[in-house]
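# sequence first, then the predicted structure, then my questions.
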Amino acid sequence: MSELARWRKYRWQLIYGEAFDPAMQMALDEVLTYRVGRGERPPTLRFWEWTAPAVVIGRFQSLRNEVDLEEANRYGITVVRRITGGGAMLTEPGRVITYSIYAPPELVAGMSFQESYAFLDAWVVEALRALGIDAWYQPINDITSANGKIGGAAQARRHGAVLHHTTMAYDIDPEKVPRVIRIGREKLSDKGVRSAERRVAPLRQQTNLPRETIQEFLIRTFAERHGLEEGALRPDEIDEARELVRTKFGTWEWTAILP
Amino acid sequence: MQLQALPRKPPALGTLDATLEWKQFALRRAPGSERMHGEYKTPGGKLVQVDLDVVDGHLRNVRVTGDFFLEPPEALDVIAGALEGAPADASEEELAHRIAQALERLAGRVELLGFSPEAVARAARRAIS
């Protein structure tokens, strides 16, 4: 089956617009993954809007090894833990573009995990290239370009579905990132010079386009490639996510599960 | 470990033994044991960090963290658990073997992406030595 035929087997639904706080974003990812896994909602593409800045750490990261909690607190940055692996990132409203794909496992059947990362972000690389950026997929999970790294993805296979989410830098504050996120020397050991590794090439700098324009272009690319229908979060999905914030994603027990 | 009376404040710098004692109390660790930390990044992959104690020549309280990908997430406890109690002089190969065997015993599919039993074993060895 061709790559496009795989996508086109499903009726994709779009969720876009409403802003949520960081813990709610984590909870929505879990709820929507679960719903798609149970067949209670169609395969879905969700673009995120943030109400507050956050450091989002990976499922298997040590909280204190990754985040300077005092600095994060000083900047008013919330720290949350997501259900997918991967590394810590700083997200601020208007400064990143983040989306999630909630899909049945059949979409990536027969692929290795590594292959599925590139497959699930191929439409984005295509869109960025159409915007004039020399972008490509850098295994395992990075979207990069001739000018530097643009973003990274993470996946979880849970509740009978695949969750794949990606965050791209639109207009990051280069001063702030190293103040709140610790990057050790060992991590840079195979990447050459420290400054080169840290080089991020945000989309604003590469396109001069407003964030909304880029986001709308990404959505249009997905729609033309795979088909996409307007959708919305259902009230019961939002309620369930709020409950998960209360019992899990908003609790210290979860955020510091690996202190 | 027996609870000791907590020194009211950290001792002055320079009194090394007293400082260590206070630290060990603060970390709730038995005197004579020290929390060890090692890291290893798989080339082209992800970072693994291992924290552990060596008690009476064996690895204890092993914790494995990092920016790797792992399915299912509960397999993390199996990986750390596989190193629990291993002799502190076990080779990297032996430690990797323990992890691989423990993962094989798990029912269902386990996926490690960006790291491996060998990478965890190397980080653990680095923590010990």
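Alright, I've got the coordinates. In this text the structure is predicted, and so the values were computed from the model without any measurement. Residues are numbered from 1 along each chain as shown, chains lettered A, B, ... in the order given.
# from now on I want contacts and neighbour counts done on CA atoms only, so please keep to that.
Fine.
# so what's A:Leu258 closest to, chain neighbours aside?
A:Ser62 (5.0 Å; C-alpha to C-alpha, 6 or more residues apart in numbering or on different chains).
# what about the one you found, how many residues nearby?
21 (other C-alpha atoms under 10 Å in any protein chain shown).
# likewise for A:Ala154?
23.
# state the pLDDT value of the residue nearest to A:Leu258.
For A:Ser62, the pLDDT comes out at 96.
# same thing with the one 3 residues further on?
Looking at A:Asn65, its pLDDT is 91.
# so which elements touch the one helix or strand it maps to?
Following DSSP states H and E, one finds A:Asn65 within helix A:63-66. If you count contacts as 3 or more C-alpha pairs under 8 Å, 6 or more residues apart in numbering or on different chains; DSSP states H and E, helix A:63-66 packs onto no helix or strand.
# roughly how far is that helix from the heart of the chain?
20 Å (C-alpha atoms, centre = their mean, to the nearest Å).
# residues in contact with that helix?
For helix A:63-66, contacts defined as C-alpha atoms under 8 Å, 6 or more residues apart in numbering or on different chains pick out A:57, A:88, A:181-183, A:255-256, A:258-259.
# the residue nearest to A:Leu258 against B:Leu47, yeah?
No - if you go by C-alpha atoms under 8 Å, A:Ser62 and B:Leu47 don't touch, sitting 11.6 Å apart.
# what is in contact with the two at once?
B:Gly66.
# near chain A, which residues of chain B? Just list them.
B:39-41, B:43-47, B:65-73, B:113-114 (C-alpha under 8 Å from any C-alpha of the partner chain).
# all strands of the stretch 101-250 of chain A, in order?
A:135-138, A:142-145, A:148-158, A:161-169, A:229-230 (DSSP state E, counting those that start in this stretch).
# reformat those strands as CSV; add distance to A:Trp48 and mean pLDDT.
Formatted as CSV, these follow (distance: least, C-alpha to C-alpha, whole Å; pLDDT from 0 to 100):
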stretch, distance to A:Trp48, mean pLDDT
strand A:135-138, 22, 97
strand A:142-145, 18, 97
strand A:148-158, 14, 96
strand A:161-169, 9, 98
strand A:229-230, 15, 98
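# which one of those strands lies nearest to chain B?
Closest to chain B of those, according to C-alpha to the nearest C-alpha: strand A:148-158, at 7.0 Å.
# quick one on the thing from earlier: would CSV of the strands of the stretch 101-250 of chain A with distance to chain B be doable?
CSV is the format used below for those (distance: least, C-alpha to the nearest C-alpha, whole Å):
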stretch, distance to chain B
strand A:135-138, 10
strand A:142-145, 11
strand A:148-158, 7
strand A:161-169, 11
strand A:229-230, 31
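# for A:Gly151, which non-adjacent residue is spatially closest?
Distances taken as C-alpha to C-alpha, 6+ apart put A:Met168 closest to A:Gly151, at 3.9 Å, once the chain neighbours are dropped.
# scratch that, B:Asp89
Leaving out its chain neighbours, the residue that sits closest to B:Asp89 by C-alpha to C-alpha, 6+ apart is B:Gly57, at 7.7 Å.
# and if you look at A:Gln155?
Using C-alpha to C-alpha, 6+ apart, the closest residue to A:Gln155 is A:His164 (4.4 Å).
# show me what that neighbour is bridged to.
When assigned by DSSP bridges, A:His164 has beta-bridge partners A:Ile101, A:Gln155.
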